[in-house]
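Q: need coordinates for the below:
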Amino acid sequence: MDTQSYIINDLKPFDSNDTLRQVKNAFNQLTFSHIPVSEEGIFIGCISETDAHCFDSDKTLNDYRYAVEPFFVRVTTNWLDILEAFAQKGSNIMPVLDEKGSYVGYYELSDIMDLFNHTPFLNETGGIIVVEKGSHDYSFSEICQIVESNDGKVLGAFISNIENDITQTTIKIGHSGMNSIAQTFRRYGYNVVSEHEEDKMNDELKERSDYLNKYLNI
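A: Here you go, the predicted model:
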């Protein structure tokens, strides 16, 4: 998936000798959570808007060098790794460096998310099922086998949570009949976390049956 075409180069890094007043003025005109910083033309990291507004306007970025966060991605970085970098740093822009370490521009989070929106995981018709199992017991190959054995097609899957040695997996399936897939997961020892219409219908039928039995026994 091409990401290099999304690199924006309309923002040059601030120099470490620039004042915080200059940086604050820039933040007031932009919607960025961070702004890149360089020293003698070499990229050294980013300063956050929150930190910048807490500092003395008359001092320079170099006076607060400790607050400059050294995060970036390369022009060759995979889009999933770019998305992970955004998540880890809590930033809405991500500086991009070339192979020599020179600053070439930045990515905006909204653009990278737009790439994700165009993957089959999100834009193909299908259903979502969330299952969980012991971290040492679950298997992606088994998960795919369960889906495909029920004439389903896996459009995407990812680990959505790991807690107390339980791994939760979210799966997008190009298949409308989710009940048989859910039941097969249960037979293989998976806990189905997501709710499905078929399950709701079965629960409603059971409730009505229980109510009828209770009525007949009166």
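
Q: domain map for this structure?
A: The record assigns the chain these domain ranges, following automatic domain parsing: 4-116, 120-202.

Q: look up how far residue 36 lies from the residue lying closest to residue 39 once chain neighbours are set aside.
A: The spatial neighbour of residue 39 that comes closest, neighbours along the chain excluded (CB to CB, 6 or more residues apart in numbering), is residue 16 at 4.3 Å. Where you see a C-beta, it was placed from the backbone N, CA and C, and this is true even at glycine. As judged by CB to CB, to the nearest Å, residue 16 and residue 36 stand 11 Å apart.

Q: low-confidence regions, the chain specifically.
A: Scanning the chain with the threshold set as pLDDT under 70 gives 1, 175-176, 196-218.

Q: any chance you could map the strands in this structure?
A: Listed in chain order, the strands found in the chain under DSSP state E are 14-15, 34-39, 42-48, 73-74, 93-97, 103-108, 127-134, 154-163, 166-173, 191-192.

Q: need these in TSV (columns: distance to residue 182 and mean neighbour count).
A: As requested, these are exported to TSV (distance: least, CB to CB, whole Å; neighbours: other CB atoms under 10 Å):
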stretch	distance to residue 182	mean neighbour count
strand 14-15	53	18
strand 34-39	43	22
strand 42-48	44	20
strand 73-74	38	18
strand 93-97	38	23
strand 103-108	38	21
strand 127-134	6	19
strand 154-163	15	14
strand 166-173	10	20
strand 191-192	5	16
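
Q: export those strands to TSV and tack on distance to residue 86?
A: Formatted as TSV, the strands of the chain follow (distance: least, CB to CB, whole Å):
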stretch	distance to residue 86
strand 14-15	21
strand 34-39	11
strand 42-48	12
strand 73-74	9
strand 93-97	6
strand 103-108	8
strand 127-134	23
strand 154-163	16
strand 166-173	19
strand 191-192	31
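
Q: could you pull out the helices in this structure for me?
A: Taking DSSP state H to define them, one finds helices in the chain at 20-29, 49-54, 79-89, 109-117, 120-123, 140-149, 178-187, 197-216.

Q: turn these into CSV, including distance to residue 103 and mean neighbour count.
A: Compiled in CSV, the helices of the chain are given as follows (distance: least, CB to CB, whole Å; neighbours: other CB under 10 Å):
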stretch, distance to residue 103, mean neighbour count
helix 20-29, 16, 15
helix 49-54, 19, 16
helix 79-89, 15, 15
helix 109-117, 18, 14
helix 120-123, 31, 14
helix 140-149, 38, 15
helix 178-187, 48, 17
helix 197-216, 51, 10
